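> Show me how the following folds:
(one chain, ligands or ions: 1)
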Amino acid sequence: MKIYFQSPQVTLYQGDCLDVLRTIPDNSVHLILTDPPYHATKKANITGDRNFKTDRDYLEWLDTIAEQWQRVLAANGSLYCCASPKMAARVEVMLEKRFNVLASITWTKPNEPGYDGWKQKTNKESLRSWYLHSERIIFAESAAGEDSKLPAFGSLIKKTRLATGLSTIELTEAIGEYGSVNHGGAVSNWETGRNIPTPEQYQKLKAAFSKFSPQVPELPDYEKIIRPFSVTADIPYTDVWDFPTVKPYPGKHPAEKPLDLIAHIIKASSRAGDVVLDCFAGSGAVGRAAKMLDRQAILIEIEEEWCQKIAQRFSKPSEPLPKVNKPAFDLREEPLFQVLEHRNPM
Ligand SMILES: C[S@@+](CC[C@H](N)C(=O)[O-])C[C@H]1O[C@@H](n2cnc3c(N)ncnc32)[C@H](O)[C@@H]1O
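Model prediction:
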């Protein structure tokens with residue numbers, strides 16, 4: 001294991017990610033965005049894709065890595081882990097032991113005519129099942145240690161409230177923020193992670209806790225505990241994504257992810273200055289997008305060939321940031337939806 005390349009924004013390690021992960025401090029990474037060998041695809045040109053005899057061996061290996069992810073991911077952190085459609089369900093179940101899984105995104109991998117690869121060449125009539133032409137990206141957040149279904153933020157609020165001796169209703173009354181359905185609704189929704197407080201509501205929470213129990217330690221700053229997540233109607237905000245695959249070019253990584261897909265994740269799930277980690281860097285797409293978006297990147301790649309290519313890319317002037325595609329279908333922009341919403345706002 002060695003540092004192969006370093007700049008103010010990017011550190012690239014060459015080595016086994018497990019060895020490097022063990023050197024990364026606890027709670028120091030805001031976003032883990034990574035694309036492990038898929039195992040199911042058994043590609044000879046991707047290191048690790050053929051390492052495991054059985055699916056169980058693969059999942060056990062990935063779980064030792066996930067254990068480190070759990071340790072290094074900050075309380076407000078997000079995890080995006082790519083998986084093949086064949087393995088995704090089992091990878092998700094494995095991750096669920098350590099994280100609060102929020103979505104399994106389907107990337108439909110559209111390609112332009114002429115770049116269809118195996119899909120075009122396959123003899124359709126000889127298929128015995130549906131041609132696999134999508135990938136999954138499992139999206140999860142840091143969970144409270146004792147309950148992987150509870151986000152770290154919800155758990156902290158709940159523990160602090162219990163330490164102050166306030167009920168959800170009493171706390172709701174103290175801050176004057178009521179849920180639309182039941183009286184303690186706002187606080188309950190925050191505790192279960194269904195919702196997050198606004199910065200103003202969070203200040204009221206802090207004030208209420210210190211008023212009722214000055215001996216209870218103060219809540220951390222908003223940004224340190226609330227997971228960033230920002231999407232709008234203008235970008236893909238559903239769990240089905242249509243980013244075109246990377247067209248072949250000399251020196252392309254066989255599993256290279258589109259830069260706009262990576263940038264989309266980084267923009268939605270991190271803040272400027274945050275630390276983004278990719279344990280299986282390949283072409284270094286995560287590092288490139290992180291740098292363009294003013295985040296810090298930690299990249300790990302086992303193969304010298306790819307480390308060399310990544311380092312070469314970072315030595316050149318920065319590329320322009322790709323524009324994120326508009327969703328192919330946006331319900332809110334449909335005339336029918338607009339008429340209905342006008343008549344009967346949701
Ligand atoms: C699926 S590819 C990642 C492709 C990458 N997302 C991109 O956009 O180019 C997986 C990469 O992980 C690397 N790899 C495999 N096992 C590794 C390990 N134990 N530690 C670090 N890198 C590893 C492989 O060499 C390969 O480049």
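> List the contacts of the closest residue to L59 other than its chain neighbours.
Counting by CB to CB, 6 or more residues apart in numbering, the nearest residue to L59 once its immediate chain neighbours are dropped is M94, at 5.3 Å. Heads up, the C-betas are built off the backbone N, CA and C, glycines and all. Contacts for M94 (CB atoms under 8 Å, 6 or more residues apart in numbering) come out as L59, L62, D63, A66.
> what's the helix or strand for M94?
Mapping M94 onto the secondary structure by DSSP states H and E places it in helix 88-96.
> pLDDT on the next helix or strand after that helix, on average?
Tracing the chain past helix 88-96, the next element assigned as helix or strand by DSSP H and E is strand 99-107. Mean per-residue pLDDT for strand 99-107: 96.
> residues of the helix or strand I169 falls within that come out buried?
If you go by DSSP H and E, I169 is part of helix 168-175. Of the residues in helix 168-175, those scored as buried under the neighbour-count criterion (16 or more other CB atoms under 10 Å) are T168, L171, T172, E173, A174, I175.
> How about the residue of the chain found nearest the ligand: what's its closest non-neighbour residue?
When scored by CB to the nearest ligand atom, the chain has G282 as its residue closest to the ligand, at 2.6 Å. Excluding its sequence neighbours, the residue lying closest to G282 (CB to CB, 6+ apart) is H253, at 4.4 Å.
> Any figure for the gap between the one you found and Y58?
In this structure, H253 and Y58 are separated by 20 Å, where distance is defined by CB to CB, to the nearest Å.
> tell me the SS of A75?
Here A75 takes the strand state, with states given by DSSP: H, G, I helix; E, B strand; the rest coil.
> residues near it, how many?
Other residues lying near A75 total 20 when counted by other CB atoms under 10 Å.
> Over to I265?
The local packing of I265 (other CB under 10 Å) involves 21 other residues.
> I'd like to know which elements the helix or strand hosting it is packed against.
If you go by DSSP H and E, I265 is part of helix 259-269. In terms of contacts (3 or more CB pairs under 8 Å, 6 or more residues apart in numbering; DSSP states H and E), helix 259-269 is packed against strand 29-34, strand 73-83, helix 285-292.
> Output these as CSV; include the columns mean pLDDT.
Putting those into CSV (pLDDT from 0 to 100) gives the following:
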stretch, mean pLDDT
strand 29-34, 98
strand 73-83, 97
helix 285-292, 97
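> Kindly reformat these as a markdown table and extend each row with distance to the ligand.
Output for those, formatted as a markdown table (distance: least, CB to the nearest ligand atom, whole Å):
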| stretch | distance to the ligand |
| --- | --- |
| strand 29-34 | 7 |
| strand 73-83 | 7 |
| helix 285-292 | 4 |
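> okay, the ones you listed in CSV with distance to E304 next?
Shown next, in CSV, are these (distance: least, CB to CB, whole Å):
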stretch, distance to E304
strand 29-34, 20
strand 73-83, 23
helix 285-292, 17
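> Wait, H30 touches A74, no?
Yes - H30 lies in contact with A74 (CB atoms under 8 Å); the separation is 5.4 Å.
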